[in-house]
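Engineer: Mind looking at a prediction? Sequence and model below.
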Amino acid sequence: MINRKWIFLALFLVLAFSSTALAFGQPMGRRDMPEKRIGKLVKELGLTDQQKDNFLAQTKQVEEAAKASFAANKELFGKIQSELQKDSPDSQAIHNHILQINKNRAEIEFKRMEQIIQLRRELTPEQKTKFDSLMKEKKEKAREQWLGKGKEKREAK
């Protein structure tokens, strides 16, 4: 019985963190196309055609990797659900699936960070200043949205 409680706790944590990740990263199908997002960034930073082309190519690579990762993780979540439906779930199998899900997510985040690092290498000092300002605004907006959702839930209780 205790083993089953740990499994459900693990599943709850995975699902809780995955919903948080989706809130921050937005599901792939609901995001603007990379070209649209890049168009805004190109305009705000004043990127050259070469900078734009490089960033667009990197973005497409990251988006494709993220789609593949999302699909793999969806399959792994299905395996976890199937395992939990068994009379005697294999906690090691569930553990391994959770580890793989987290590894997949970490790889995508690493690719996104590498993309930002590469972009920053190509920016002029003026563009870097503007980019840093945009990143700060984005971080503050995400924080406000996250805190706002938490506040709404607390007030509903």
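Structural biologist: Alright, I've got the coordinates. Numbering: from 1, shown residues only.

Engineer: Now Q115: closest residue in space that isn't a chain neighbour?
Structural biologist: Distances taken as C-beta to C-beta, 6 or more residues apart in numbering put Q58 closest to Q115, at 4.7 Å, once the chain neighbours are dropped. For glycine as for every other residue, the C-beta is placed from the backbone atoms N, C-alpha and C.

Engineer: Let me know whether Q51 touches L123 as I believe.
Structural biologist: Yes - between Q51 and L123 there is a contact under C-beta atoms under 8 Å: 7.4 Å.

Engineer: quick one: buried residues of the helix or strand containing the residue nearest to Q115?
Structural biologist: The secondary structure element spanning Q58 is helix 49-85 (assigned by DSSP states H and E). If you call a residue buried by 16 or more other C-beta atoms under 10 Å, then helix 49-85 has these buried ones: 51-52, 54-56, 58-59, 62-63, 66, 69-70, 73, 76-77, 80, 83.

Engineer: The helix or strand K136 falls within - contacts with which helices or strands?
Structural biologist: Taking DSSP H and E as the definition, one finds K136 inside helix 125-156. Contact partners of helix 125-156 among helices and strands, from 3 or more C-beta pairs under 8 Å, 6 or more residues apart in numbering; DSSP states H and E: helix 2-25, helix 34-45, helix 91-122.

Engineer: run the last query once more with 7 Å
Structural biologist: If you count contacts as 3 or more C-beta pairs under 7 Å, 6 or more residues apart in numbering; DSSP states H and E, helix 125-156 packs onto helix 34-45.

Engineer: and the helix it packs on, how far from the chain's centre?
Structural biologist: Computed by C-alpha atoms, centre = their mean, to the nearest Å, the chain-centroid distance of helix 34-45 equals 19 Å.

Engineer: So the residue lying closest to Q118 once chain neighbours are set aside versus F131, what's the distance?
Structural biologist: Excluding its sequence neighbours, the residue lying closest to Q118 (C-beta to C-beta, 6+ apart) is Q58, at 6.2 Å. Relative to F131, Q58 is positioned 15 Å away (criterion: C-beta to C-beta, to the nearest Å).

Engineer: What's the local residue count around I108?
Structural biologist: One way to gauge burial is a neighbour count; for I108, by other C-beta atoms under 10 Å, it gives 20.

Engineer: Contact partners for it?
Structural biologist: The neighbourhood of I108, defined by C-beta atoms under 7 Å, 6 or more residues apart in numbering, consists of A65, A66, S69.
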